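Novice: Output the structure for:
(one chain, ligands or ions: 1)
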Amino acid sequence: MSEPQKIIVIGAGINGVSTAIWLRRAGHDVTLLDKDGPGAGASFGNAGLLAQWAIIPVNTPGLMKTGLKYLANPKSPLFMQWSYLPKMLPWLIRFLSHANEDGARRMIEGLIPILTDSVAQHQALTRGTSAAEFVALSDFSYAYETRAAFDADSYGWKYRSDAGMAPELIEGPAVQEAEPILGRRIQCLAVTKDHGHVLNPGGYLKALAQVLIEEGGTLRQAEVTDLTLTDGRITSIETDQGSLTCDQAVLAAGIWSKPLMRKLGLNVPLEAERGHHLHLQNPSQMPRNPMMVTTGKFGVTPMNDGLRCAGTVELGSIEKGPSRKALDLIRHYIAHTFPDLTYDSAEEWLGFRPSTPDSLPLIGEIAQTGVHAAFGHQHIGLTAGPKTGRLVADLIEGRRTNLDLTPYDANRFGRR
Ligand SMILES: Cc1cc2nc3c(=O)[nH]c(=O)nc-3n(C[C@H](O)[C@H](O)[C@H](O)COP(=O)(O)OP(=O)(O)OC[C@H]3O[C@@H](n4cnc5c(N)ncnc54)[C@H](O)[C@@H]3O)c2cc1C
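Specialist: Sure, this is the predicted structure:
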């Protein structure tokens, strides 16, 4: 263990809370700051999937063609706020520049180590605490309308199979025997075994924040407005509640990390892949395991307070409210996929996936500032958060990790 240091973690989403807990367990004086309280951002409303199988980024070969096809089809799960396109174009061009064989392989190789042991990482984070009850073990299915639709997804399944996640295929009437909630339109289930999900992401984040407090850390509600460096190193964090001195800091503010990175002179190309959820109250049926409705590209997860249907991608601004089109699309595919399902009401939610052009997060120190990045986890932040937290804590401790962290280098996008 190194000398105890005063460390401020900015952002109480899954990345910030996990990092704060691991730093506290290493003996540091840790303060976790959030402008709204724990689990207020993307970590609140996600699909709750510990998506160990989500090793295929969105920007794979052929994305340009599929993307245009999707945008032309109102029943597809990709949307664009066209008025935002000029602002987003530089990011989009870089994002598309990785959508080739080499780029995809590099991204997949970077995603595998931070995803595939997620359940064990969540268990290690929560063992012996009240947060453990939120982590459930489950299998995961991709629900396809036809076998041909599964075959058309062969690119992803090849990589998943190579990574030890070959699917078990269930076809025809056996689909409804395996998952009675599914209507006859679904004719093929590709099941991958031994994953997990979170039974209530918002509750989980609150419970984790409580774990931090019980283990001696501090949680404060404050909005970070600036970072003060002296001779190139962080000395204090400026907030709407005043200035807080520190030896080191961790920036884990999800999509909102971008303006704070700019204050450090880094121009991180971070944009929001907006996603929505419908959380169904009192559903008449529940799936036995979480699944992906592949036509609508949303996850369906049985939770302890209802059935969560979360996903779709809308490229656009974080200043705009929820998109009716995206929410209606999820609603449409719920009725289409689960024809006998009824429910009392559906909570609607919009969240921002913090996405980089190479679909990999930023993990590690920014130059030699003493500020460490833990953000940019796009679609997989809940899955990778606890491991990210551990890696950042190891780096601050000066412990060698058994993982090559080059793919996540916080400085890889250069300075302004
Ligand atoms: C619809 C949808 C479904 C998803 N499903 C899944 C899934 O099933 N599995 C999965 O692994 N991932 C999923 N994701 C992605 C996942 O939710 C995100 O990658 C993850 O939550 C990001 O966590 P974070 O801690 O980096 O950021 P956030 O959870 O966004 O937390 C950032 C925090 O920083 C705080 N903050 C911001 N600015 C400041 C400031 N200036 N001062 C103080 N505090 C500040 C915010 O209030 C917020 O609490 C999904 C995302 C969406 C939108």
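Novice: Name the residues of the stretch 51-200 of the chain found near the ligand, please.
Specialist: Within the stretch 51-200 of the chain, the positions adjacent to the ligand are residue 51 by C-beta under 6 Å from any ligand atom. C-betas here are computed from N, CA, C, even on glycine.
Novice: Show me where the stretch 51-200 of the chain has its strands.
Specialist: 78-80, 135-144, 168-171, 188-198 (DSSP state E, counting those that start in this stretch).
Novice: Report the rounded mean pLDDT for the first one.
Specialist: Here the mean pLDDT over strand 78-80 is 95, rounded to a whole number.
Novice: Single out the residue in the stretch 251-400 of the chain that lies closest to the ligand.
Specialist: Using C-beta to the nearest ligand atom, the single residue of the stretch 251-400 of the chain nearest to the ligand is residue 381, 2.1 Å away.
Novice: residues contacting that residue?
Specialist: When the contact criterion is C-beta atoms under 8 Å, 6 or more residues apart in numbering, the partners of residue 381 are 13, 14, 15, 42, 43, 46, 254, 353, 354, 361.
Novice: coming back round to it: could you dump the strands of the stretch 51-200 of the chain into TSV with mean neighbour count added?
Specialist: Below are the strands of the stretch 51-200 of the chain laid out as TSV (neighbours: other C-beta atoms under 10 Å):
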stretch	mean neighbour count
strand 78-80	19
strand 135-144	21
strand 168-171	15
strand 188-198	21
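Novice: for the host helix or strand of the residue of the stretch 251-400 of the chain closest to the ligand, which positions count as buried?
Specialist: Assigned by DSSP states H and E, residue 381 belongs to helix 381-397. By neighbour count with 16 or more other C-beta atoms under 10 Å, helix 381-397 contains the buried residues 381-397.
Novice: Backbone dihedrals for the nearest residue to residue 181 once chain neighbours are set aside, both of them.
Specialist: Nearest non-adjacent residue to residue 181, counting by C-beta to C-beta, 6 or more residues apart in numbering: residue 285, 4.5 Å away. Reported as degrees, to the nearest 10, the phi and psi values for residue 285 are phi -140, psi 160.
Novice: what's the neighbour count on residue 285?
Specialist: 15 (other C-beta atoms under 10 Å).
Novice: just checking, it touches residue 180?
Specialist: Yes. Between residue 285 and residue 180 there is a contact under C-beta atoms under 8 Å: 7.1 Å.
Novice: Name the residues contacting each of the two.
Specialist: Common neighbours of residue 285 and residue 180 (C-beta under 8 Å, 6+ apart) do not exist.
Novice: Residue of the stretch 51-200 of the chain closest to the ligand, please.
Specialist: Closest point on the stretch 51-200 of the chain to the ligand, by C-beta to the nearest ligand atom, is residue 51, at 4.8 Å.
Novice: burial measure for that residue, as a count.
Specialist: 24.
Novice: go on, residue 332?
Specialist: Neighbour tally, residue 332, other C-beta under 10 Å: 13.
Novice: residues touching it, list them.
Specialist: Here residue 332 is in contact with 75, 296 (C-beta under 8 Å, 6+ apart).
Novice: got it, and residue 170?
Specialist: Residue 170 neighbours (C-beta under 8 Å, 6+ apart): 178, 188, 189, 191.
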